[in-house]
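A.B. asks: Please work out how this folds:
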Amino acid sequence: MDTKLTDELRATHDGQVAEEILRKCVHCGFCTATCPTYQLLGDELDGPRGRIYLIKQVLEGKPVSEKTRTHLDRCLTCRSCETTCPSGVKYSHLLDVGRMVVEDKLPRRLGDRLTRTLLKTVLPNPALFAPALAIGRAMKPLLPSVLADKLPPALPVGLPWPKERTHERRMLALAGCVQPSLAPNINAALARVLDRLGITLFEEEKAGCCGAVRFHLNAQADGKADMRRNIDAWWPHVEAGIEAIVMTASGCGVQVRDYAHVLADEPAYAEKARKISALCRDPAEILVAETDTLLPLLAVRAGERGRLAFHSPCTLQHGLKIRGVIETLLQAVGYILTPVADGHLCCGSAGTYSLLQPDLAGRLRDNKLNALMAGGPALVATANIGCLTHLQAGSSLPVRHWIELIDEGLV
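C.D. replies: You can find the predicted model right below:
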């Protein structure tokens with residue numbers, strides 16, 4: 001794709017990244033076939049190819065309109081198009097640049113600004129989110145349905161973290177911002193599983209939100225500040241020789257894996273960010289490497305735990321490129337996996353998307369739940385806290401994080 005970016009933008013790191021990505025696009029349109037919003041709306045501008053054209057116009061200095069912003073806002077950043085693209089176009093990185101420029105050139109209306117300010121202030125801050133969630137749950141019967149439906153039920157805490165052990169192998173986990181309040185058992189379950197494998201898992205209190213919430217709400221400077229804070233918090237453990245930094249939320253995993261890209265132009269952090277990204281692991285990557293040790297601990301006869309549907313988050317299959325691994329582990333622990341049609345399509349959660357685009361998110365969730373329920377499962381499992389809470393709000397079946405099911409299958 002020929003480009004004529006403005007001189008001002010071409011002189012920046014973001015502009016150079018965007019130009020390189022744009023030049024890889026060959027207009028083939030394969031991406032539209034796997035784009036969730038294009039499937040729903042049938043509008044070329046609500047597919048990756050159309051949005052690329054809109055971003056190209058913006059970066060070349062063309063006027064920015066509300067129409068441009070609307071089509072960019074509707075994108076889930078699910079990265080399904082990146083999986084499909086034969087040219088290797090890093091669409092999500094281009095979208096980050098495009099949204100940043102649009103945000104700078106076209107201020108949002110007051111109501112939209114206030115909503116986004118509230119989200120980027122409360123969600124990444126556990127000290128604010130936890131009490132807000134508790135108050136919301138207490139007042140749920142009094143809230144309008146449009147708000148009440150967004151409040152997930154409280155999930156059981158489950159068993160505690162393992163007692164202090166001094167395994168030689170040590171891994172660091174991110175507590176995250178909303179997960180400790182919404183699903184407090186997830187990291188503890190991983191810690192128990194890893195403890196049985198001879199690995200100590202611990203969290204660093206000085207770390208916080210991975211940066212995804214604010215970065216993808218177009219507060220990119222604030223998102224980068226979150227990333228730098230985490231790097232500073234984790235770095236002493238990196239120097240001490242931790243084996244991995246494990247993300248139980250695949251959405252956080254994608255963001256931390258992207259630190260190297262986002263901070264590539266910052267001399268003080270670029271090399272550290274590359275190291276952090278290289279250490280970032282999903283639990284599935286850890287467990288599949290420990291299969292020989294793990295399988296003898298799962299004394300379960302095939303199929304005895306019943307039927308289960310696995311929802312593979314976009315951040316897992318398209319962002320981290322992990323496919324089929326968790327399904328195999330769930331089968332090993334005794335579940336019968338039911339088929340899920342169009343498993344590549346997004347459930348509509350996508351971080352804050354379900355709050356900012358409730359109509360589209362609701363339609364995508366309905367489609368996903370229909371696909372998940374078609375095989376008659378008794379349980380749904382997933383790998384990301386956002387997907388878990390979004391699906392649970394519309395499902396009559398329990399929705400669990402898959403690592404909890406592995407933990408329960410240990411003998």
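A.B. asks: This structure - how does it break down into domains?
C.D. replies: 7-105, 110-148, 169-286, 297-408 (automatic domain parsing).
A.B. asks: now those domains as a markdown table including distance to Leu159?
C.D. replies: Where C-beta positions appear, they are placed from N, C-alpha and C, glycine not excepted. Formatted as a markdown table, these follow (distance: least, C-beta to C-beta, whole Å):
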| stretch | distance to Leu159 |
| --- | --- |
| domain 7-105 | 33 |
| domain 110-148 | 21 |
| domain 169-286 | 6 |
| domain 297-408 | 8 |
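A.B. asks: Comparing these by mean pLDDT, which bottoms out?
C.D. replies: For the domains of the chain, the weakest mean pLDDT is recorded on domain 110-148, namely a mean of 89.
A.B. asks: Could you count how many residues lie near Pro339?
C.D. replies: Pro339: 10 surrounding residues under other C-beta atoms under 10 Å.
A.B. asks: between the domains of the chain, which one is nearest to Trp161?
C.D. replies: Trp161 lies closest to domain 169-286 among the domains of the chain, at 4.9 Å (C-beta to C-beta).
A.B. asks: Now do the end-to-end distance for the closest one.
C.D. replies: With C-alpha to C-alpha, to the nearest Å as the measure, domain 169-286 spans 12 Å from end to end.
A.B. asks: again, but for stretch 135-149
C.D. replies: Terminal residues of stretch 135-149 lie 15 Å apart, using C-alpha to C-alpha.
A.B. asks: contacts for it?
C.D. replies: Residues from elsewhere that reach stretch 135-149 (C-beta atoms under 8 Å, 6 or more residues apart in numbering): 151, 154, 358, 393.
A.B. asks: host element of the first one?
C.D. replies: Translated: Leu151. Under DSSP states H and E, no helix or strand contains Leu151.
A.B. asks: Enumerate every residue touching it.
C.D. replies: So Leu151 contacts 133, 136-137, 140, 143 (C-beta under 8 Å, 6+ apart).
A.B. asks: By neighbours, which of the residues you listed wins?
C.D. replies: When neighbours are counted by other C-beta under 10 Å, Leu133 leads the contacts of Leu151 with 18 neighbours.
A.B. asks: so where do the strands sit in the stretch 51-200 of the chain?
C.D. replies: 169-173, 199-203 (DSSP state E, counting those that start in this stretch).
A.B. asks: Paired strands for the first one, with orientation please.
C.D. replies: When you say that, I think you mean strand 169-173. strand 199-203 (parallel), strand 244-246 (parallel) (DSSP bridges).
A.B. asks: among those strands, which is nearest Pro339?
C.D. replies: strand 244-246 (29.4 Å).
A.B. asks: Following the chain past the closest one, name the next helix or strand.
C.D. replies: Toward the C-terminal end, the helix or strand that comes next after strand 244-246 (DSSP H and E) is helix 250-257.
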